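Participant: Can you look at this prediction? I've put the sequence above it.
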Amino acid sequence: MNVFHEQRGRIALYTSPRTKEGATIAMLIELIGQPHCIHLVHSIKDIKHDDASAYTSLPVLFDVTSEGKKTGASGLSDITRYLLTKYDAEHHFSYKEGSKEAEEVNNWIAFLNKTIHGNNPEETFARKALRLYLHLEEHLQKTQSQYLVGKKCTLADLVIFPYVAGASQTNLDLERFPELTTWHDRLVRNPHVAKGMKDVYLEV
């Protein structure tokens, strides 16, 4: 059973294994370079932590800062917002709030949610993924950029990457999308991205 020992300056992430949301958060924690531990659990009940009862679903993150301040957050949106606000003040992996680029990042996340999680029960996951890949390929061809927004890896890349990395699970051949393949391979070569995926048992 996972027990969270509250250590100052250490982040604890509780997430289900092989989840794309968990992978996104794990990759972000790796990129910002904070000491952390990742616990793979199947439900909130598996978290042995005094504050766990405040949350109803995974993923959940607890952080005890070096000053001893305790913070908790749950869900992809709240957790990533906390991490970027707290640990990316210089915007290495984000853009200033209110900027055009920050809006683009949000638009990519909204597009992913609409495409993959949209309310169309008759559409197969493979068809949704194909629609996502076609849009990504078109965007990358048009912009000729290394990343989805601007010249740096952002939450837009980290949220979408697990869906592209899992192409084989939907019987889609990533090589049909040359620009998307190049983008995927670039992220795979980033050791922080690779480790974040491995930490939640997802293949790159």
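Facilitator: Cool, the structure landed. Numbering: from 1, shown residues only.
Participant: so what's the residue nearest the centre of the chain up against?
Facilitator: For the chain, the residue nearest the mean C-alpha position is T24 (1.6 Å; CA atoms, centre = their mean). T24 makes contact with L76, T80, L155, L158, V159, F161, P162, G196, according to CB atoms under 8 Å, 6 or more residues apart in numbering. C-beta coordinates here come from the backbone N, C-alpha and C atoms, glycine included.
Participant: Let me know the secondary structure of the fifth one.
Facilitator: This means V159. For V159, the assignment made with DSSP: H, G, I helix; E, B strand; the rest coil gives helix.
Participant: how much space between A52 and I44?
Facilitator: 6 Å (CB to CB, to the nearest Å).
Participant: give me the element I29 is part of.
Facilitator: Taking DSSP states H and E as the definition, I29 sits inside helix 20-32.
Participant: pLDDT of that helix, averaged?
Facilitator: Helix 20-32 comes out with an average pLDDT of 98.
Participant: Name the next helix or strand downstream of that helix, please.
Facilitator: Using DSSP H and E, the first helix or strand after helix 20-32 is strand 36-40.
Participant: and that following strand, what other elements does it pack with?
Facilitator: strand 10-15, helix 20-32 (3 or more CB pairs under 8 Å, 6 or more residues apart in numbering; DSSP states H and E).
Participant: Adjacent strands (with direction) for the first one?
Facilitator: Using DSSP bridges, strand 10-15 pairs in its sheet with strand 36-40 (parallel), strand 60-64 (antiparallel).
Participant: Now do it and helix 20-32, the angle between them.
Facilitator: Angle, strand 10-15 to helix 20-32, by axes from the mean of the first three to the mean of the last three CA atoms, to 10 degrees: 160 degrees.
Participant: For F125, which non-adjacent residue is spatially closest?
Facilitator: Take F125 and drop its neighbours on the chain: the residue closest to it by CB to CB, 6 or more residues apart in numbering is T170, 6.1 Å away.
Participant: just the helices in this structure please.
Facilitator: For the chain, the helices defined by DSSP state H cover 20-32, 76-87, 100-117, 125-143, 155-165, 178-188, 191-199.
Participant: Now find how far off-centre the second one is within its chain.
Facilitator: Same thing as helix 76-87. Here helix 76-87 is found 11 Å from its chain centre; the criterion is CA atoms, centre = their mean, to the nearest Å.
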